[in-house]
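*Asks:* this is the structure alone, sequence omitted:
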């Protein structure tokens, strides 16, 4: 059931981003569009890279959930306490100051709490320049499909 909900949410996000380019077209009523419900939290946000000395794994591109990281992928790692607050595998997340929607792809070590890391490929300097910040983070918790 969770996979269906996550797939529906991802499909909705892709559909909405695709249809945004056709705003001049007159499609069906705005009332029938699904609505994503976001929960807002203020969290510590930092950045990480897929380099062996940051991940302590032989395969630094492999996440704790088994996904493969590639530079350019919009992914985040979450502290494990956030999983019970809706930050489950492949959940869409928006981050204050960023235009893109990120997906939860990795879990952090148990020592961290109330924290996310933004994946920045192999660009260690970019991650260092980003530093650590307190930002608002929006996690998709539900999708409402209005009746027609």
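*Replies:* It's in. Since the structure is predicted, the reported quantities are computational estimates derived from the model, not experimental observations.
*Asks:* separation between the closest residue to residue 123 other than its chain neighbours and residue 121?
*Replies:* Nearest residue to residue 123 in three dimensions, chain neighbours excluded: residue 49, at 6.8 Å (C-beta to C-beta, 6 or more residues apart in numbering). To be clear about C-beta, it is placed using only N, CA and C from the backbone, and glycine gets the same treatment. Residue 49 sits 7 Å away from residue 121, taking C-beta to C-beta, to the nearest Å as the criterion.
*Asks:* the two: who's more crowded?
*Replies:* residue 49 (22 against 18; other C-beta atoms under 10 Å).
*Asks:* residues touching the closest residue to residue 144 other than its chain neighbours, list them.
*Replies:* With sequence-adjacent residues excluded and distances taken as C-beta to C-beta, 6+ apart, residue 144 is closest to residue 35, at 4.6 Å. Neighbour list for residue 35: 143, 144, 146 [criterion: C-beta atoms under 8 Å, 6 or more residues apart in numbering].
*Asks:* quick one, which of those are buried?
*Replies:* residue 143 (16 or more other C-beta atoms under 10 Å).
*Asks:* which stretches of the chain form strands?
*Replies:* 35-48, 75-78, 92-95, 101-107, 115-119, 133-144 (DSSP state E).
*Asks:* distance to residue 63 and mean pLDDT for the ones you listed - can I get that in a markdown table?
*Replies:* A markdown table is the format used below for the strands of the chain (distance: least, C-beta to C-beta, whole Å; pLDDT from 0 to 100):
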| stretch | distance to residue 63 | mean pLDDT |
| --- | --- | --- |
| strand 35-48 | 11 | 96 |
| strand 75-78 | 7 | 98 |
| strand 92-95 | 15 | 98 |
| strand 101-107 | 4 | 97 |
| strand 115-119 | 9 | 97 |
| strand 133-144 | 18 | 95 |
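*Asks:* residue 58 is nearest to which of those?
*Replies:* strand 101-107 (16.0 Å; C-beta to C-beta).
*Asks:* list the neighbouring strands of the closest one plus their orientation.
*Replies:* Sheet pairing of strand 101-107 (DSSP bridges) gives strand 75-78 (parallel), strand 92-95 (antiparallel).
*Asks:* for that strand, what is the distance to the chain centroid?
*Replies:* 4 Å (C-alpha atoms, centre = their mean, to the nearest Å).
*Asks:* ok, stretch 83-102 next?
*Replies:* 3 Å.
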